[in-house]
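Trainee: model this:
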Amino acid sequence: MSKERALELLLSLLNAESEPQMSKEPVLEVVAPILEDMGLEVHRHENQGNPALFANKGQPKVLLSGHLDTVVRGEGWTRGQGEVDGDIVYGRGALDMKGPCVSLLLAAERLSSEGVGLAIVLTTDEEVGMMGAKEVVANHPEIADIPLILVCEPTAFKPAVEEKGITQLRVRVRGRSAHASMPELGDNAVEGLLRRLQNLMASERFGTDGQAPMTASIDKINGGVLINVIPDSATAEIDIRFSADHTNQEVLGIVNDLLGTADGRAEVEVLHQLPPVRTGIGADLMASIEEYLGAKHYSVPYGTEMVRFAELNPNIFILGPGVVEVAHKLDEWIDINEVLKGAQVFYDIGKMVS
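Mentor: Model prediction:
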């Protein structure tokens, strides 16, 4: 697991297309031969145009999972894609998640060479739906029997054992149009929407910190057609995150109550939802992992593909190099030494359960 090998592999991944709406074939063409060279049997699956790879060898003792897709690079970067400055490697996906995927692949190479049974999952749509992971789970029920699943994400090598659920919804408020000079003849839907949203956000149920049990973010608002017309319709899209102490259905009920939809003038449409996940790893194994890492387990406020695998197997947690605060930002970067440390950590945990 040399630095040169890690850097070569990371640069090849960074230079392969993987943004949304782009073909994911280039990035799969990088990793598929590597998996085959390890002696793993590679299975390709696809859901709604999103390919994913499931590779296995022997009777897997550990499943290592990562995603190769990225968010859009965007404008305003001061560093080039794949630019290297000392031990720092820049590029969209350097941290989230191509660097950690290099850690995964290097660990898998070593485990495989030592005869450890393992499985690898690499997906290409974690950022936009996780349908690839869903397809893998649907086609490989044997995942249920694997003693440990490690979902690779940047956690600064602290084990995350719980992730929040997601409810994303659109609220629509209806009013009555009229000439703006005579507002008493209309019913302003934008004003009605704002009043309802203020009631929602003022509720003590929602915190303002990512570690709060429940948070709400109003991310999009639309309403009105002309400046001199009272709007008869307005919509807002809201992102709700919540801990494993709640269900999606409970959250939807809370939101409907706070928005006052019972009056029939507002309605809520669910756009996307995923349940929260809490690990089922036994206390003894988790204690061993914590002792090895020198870090206590914690919860993350965002969602990962952990939710897909947990449908079959609760013996799962999230771990990886780097800090998530760097993800999705301009000049995203990772330290190649962190990639190498990740490879060693994943290898050691794989040996722990083999």
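Trainee: tell me, domain by domain, which residues of this protein belong where.
Mentor: With domains defined by automatic domain parsing, the chain comprises 3-162+276-352, 165-274.
Trainee: so for the last one, mean pLDDT?
Mentor: Confidence over domain 165-274, taken as the mean pLDDT, stands at 97.
Trainee: in the stretch 1-150 of the chain, which spans are strands?
Mentor: 41-47, 50-57, 62-67, 84-85, 88-90, 118-123, 148-152 (DSSP state E, counting those that start in this stretch).
Trainee: mind putting those into TSV with mean neighbour count?
Mentor: All C-beta spots, glycine's among them, are computed from the backbone N, C-alpha and C. Shown next, in TSV, are these (neighbours: other CB atoms under 10 Å):
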stretch	mean neighbour count
strand 41-47	16
strand 50-57	23
strand 62-67	27
strand 84-85	12
strand 88-90	21
strand 118-123	27
strand 148-152	25
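Trainee: mind putting those strands into CSV with mean pLDDT and distance to residue 26?
Mentor: Shown next, in CSV, are the strands of the stretch 1-150 of the chain (pLDDT from 0 to 100; distance: least, CB to CB, whole Å):
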stretch, mean pLDDT, distance to residue 26
strand 41-47, 95, 15
strand 50-57, 96, 11
strand 62-67, 98, 15
strand 84-85, 98, 20
strand 88-90, 98, 19
strand 118-123, 98, 13
strand 148-152, 98, 21
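Trainee: kindly reformat the ones you listed as CSV containing distance to residue 283.
Mentor: Supplementary listing: the strands of the stretch 1-150 of the chain in CSV, determined by distance: least, CB to CB, whole Å:
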stretch, distance to residue 283
strand 41-47, 34
strand 50-57, 28
strand 62-67, 19
strand 84-85, 43
strand 88-90, 38
strand 118-123, 24
strand 148-152, 14
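Trainee: right, and residue 53 touches residue 35 too?
Mentor: Yes: counting by CB atoms under 8 Å, residue 53 touches residue 35, with 6.9 Å between them.
Trainee: between those two, which contacts overlap?
Mentor: Shared contacts of residue 53 and residue 35, defined by CB atoms under 8 Å, 6 or more residues apart in numbering, comprise 42, 120.
Trainee: report the buried residues of stretch 318-337.
Mentor: 318-322, 324, 327, 331-336 (16 or more other CB atoms under 10 Å).
Trainee: and what of stretch 15-31?
Mentor: Neighbour counts over stretch 15-31 (16+ other CB under 10 Å) mark 16, 18-19, 24, 27-28, 30-31 as buried.
Trainee: separation between the residue lying closest to residue 306 once chain neighbours are set aside and residue 191?
Mentor: The shortest distance from residue 306 to any non-neighbouring residue, by CB to CB, 6 or more residues apart in numbering, is to residue 151 (4.7 Å). According to CB to CB, to the nearest Å, residue 151 and residue 191 sit 44 Å apart.
Trainee: in the chain, where's the longest helix?
Mentor: Longest helix in the chain by number of residues (criterion: DSSP state H): helix 336-352.
Trainee: chain center to that one: distance?
Mentor: Computed by CA atoms, centre = their mean, to the nearest Å, the chain-centroid distance of helix 336-352 equals 21 Å.
Trainee: dump that helix to PDB, keeping only the CA atoms.
Mentor: Output of helix 336-352 as PDB, limited to C-alpha atoms (Å, rounded to 0.1, in the frame of the first residue of the first chain):
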ATOM      1  CA  ILE A 336      -2.900  11.200   0.400                       C
ATOM      2  CA  ASN A 337      -1.600  10.100   3.800                       C
ATOM      3  CA  GLU A 338      -5.200  10.000   5.100                       C
ATOM      4  CA  VAL A 339      -6.000   7.700   2.100                       C
ATOM      5  CA  LEU A 340      -3.200   5.400   3.200                       C
ATOM      6  CA  LYS A 341      -4.300   5.400   6.800                       C
ATOM      7  CA  GLY A 342      -7.800   4.600   5.600                       C
ATOM      8  CA  ALA A 343      -6.500   1.600   3.700                       C
ATOM      9  CA  GLN A 344      -4.700   0.300   6.900                       C
ATOM     10  CA  VAL A 345      -7.800   0.900   9.000                       C
ATOM     11  CA  PHE A 346     -10.200  -0.900   6.700                       C
ATOM     12  CA  TYR A 347      -7.700  -3.800   6.400                       C
ATOM     13  CA  ASP A 348      -7.400  -4.000  10.200                       C
ATOM     14  CA  ILE A 349     -11.100  -4.000  10.700                       C
ATOM     15  CA  GLY A 350     -11.500  -6.600   8.000                       C
ATOM     16  CA  LYS A 351      -9.000  -8.800   9.800                       C
ATOM     17  CA  MET A 352     -10.800  -8.200  13.100                       C
END
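Trainee: avg pLDDT for it?
Mentor: Mean per-residue pLDDT for helix 336-352: 99.
Trainee: what does it rub up against?
Mentor: Helix 336-352 has contacts (CB under 8 Å, 6+ apart) with 1, 3, 6-7, 10, 61-62, 64, 87-89, 99-100, 102-104, 106-108, 110-111, 116, 118, 148, 150, 152, 157, 285, 288-289, 292-293, 319-322.
Trainee: now stretch 213-224
Mentor: Applying CB under 8 Å, 6+ apart, the contact partners of stretch 213-224 are 189-190, 193, 197, 200-201, 205-209, 231, 233-243, 245-246, 251, 301.
Trainee: kindly recompute the last result at 7 Å.
Mentor: If you take CB atoms under 7 Å, 6 or more residues apart in numbering as the criterion, stretch 213-224 is touched by 189-190, 193, 197, 200-201, 205-207, 231, 233-243, 245-246.
Trainee: the residue most central in space within the chain in helix, strand or coil?
Mentor: Centroid-nearest residue in the chain, with CA atoms, centre = their mean: residue 304, separated by 3.3 Å. Under DSSP: H, G, I helix; E, B strand; the rest coil, residue 304 falls in the coil class.
Trainee: with that, I have no additional questions.
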